[in-house]
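Asks: Kindly return the folded structure for what I paste below:
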Amino acid sequence: MRSLFKENVIEALVGLLVVVVALWFVGSAYARTSAGTADGYLLTARFPNATGVAVGTDVRVSGIKIGKVETQRLDPKTFQAVVQLRVAGDVRFPTDSSAAITSEGILGGSYISLSPGGDTTMLKPGDEIADTQGAQDLMGLMGSFINRSGSSSSAKPAASAAPAQ
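Replies: Numbers count the residues shown, from 1 in each chain. The predicted structure follows:
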């Protein structure tokens, strides 16, 4: 048995290294997706358009992830998207803070950007952010830009002048 172990030391070390890397990867993925927000508190925001937002979407302040979307539903009376945000417990927001659905770029995903206000009163767990801005429809904006660019009033119709005789 001892000679078998001596012959396979390299294989055993490589196997141990693979297990350690796999455990590190799982721990890193767990920390990246749920650390810091599980013990946070909930805030509610209503958006007229929540395109690109799903459960688990990032909530960021100044580009730093401080939470995620916990739930989303449609309000049957106002037809607005009601989104619950789980925010890290150590981050507090003034009552006049705003929330906007923002895109990371043309091809990037969406996230909810929170902008702190200047009020001295802070939002409590369960409060609603009143100032919100929904997602912008990039394809609609591009389409309207393209359609308007060809209909400039600078091109005047040709006058039907009779040829001189």
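
Asks: From Leu138, how far out is Asp131?
Replies: In this view, Asp131 and Leu138 are 22 Å apart by C-beta to C-beta, to the nearest Å. Where you see a C-beta, it was placed from the backbone N, CA and C, and this is true even at glycine.

Asks: quick one: contacts for the residue positioned nearest the centre of the chain?
Replies: Nearest residue to the geometric centre of the chain (C-alpha atoms, centre = their mean): Tyr111, 1.1 Å. By C-beta atoms under 8 Å, 6 or more residues apart in numbering, the contact set of Tyr111 is Thr57, Asp58, Val59, Arg60, Ile101, Thr102, Glu104.

Asks: before we move on, what about Lys124?
Replies: By C-beta under 8 Å, 6+ apart, no residues touch Lys124.

Asks: can you confirm it is in a helix?
Replies: No. Using DSSP: H, G, I helix; E, B strand; the rest coil, the assignment for Lys124 is coil, not a helix.

Asks: mind checking how far it is from Leu114?
Replies: 15 Å.

Asks: just Ile101 next, same as before
Replies: Using C-beta to C-beta, we find Ile101 at a distance of 11 Å from Leu114.

Asks: Could you list the buried residues of the top strand by length along the chain?
Replies: Criterion DSSP state E: the longest strand present in the chain is strand 64-74. Neighbour counts over strand 64-74 (16 or more other C-beta atoms under 10 Å) mark Ile66, Gly67, Lys68, Val69, Glu70, Gln72 as buried.

Asks: cool, and stretch 72-88?
Replies: For stretch 72-88, by 16+ other C-beta under 10 Å, it's Gln72, Gln80, Ala81, Val82, Val83, Gln84, Leu85, Arg86, Val87, Ala88.

Asks: so the second one makes contact with Ala45?
Replies: No. Using C-beta atoms under 8 Å, Gln80 makes no contact with Ala45, being 9.7 Å away.

Asks: need the strands for the protein, in chain order.
Replies: 41-47, 58-61, 64-74, 81-87, 98-103, 110-115, 128-129, 131-133.

Asks: closest to Phe25 out of those strands?
Replies: Counting by C-beta to C-beta, Phe25 lies closest to strand 64-74 out of these; the figure is 19.3 Å.

Asks: Can you list the neighbours in contact with the closest one?
Replies: Taking C-beta under 8 Å, 6+ apart as the rule, strand 64-74 contacts 36-37, 40, 42, 50, 53-60, 80-88, 91, 112, 114.
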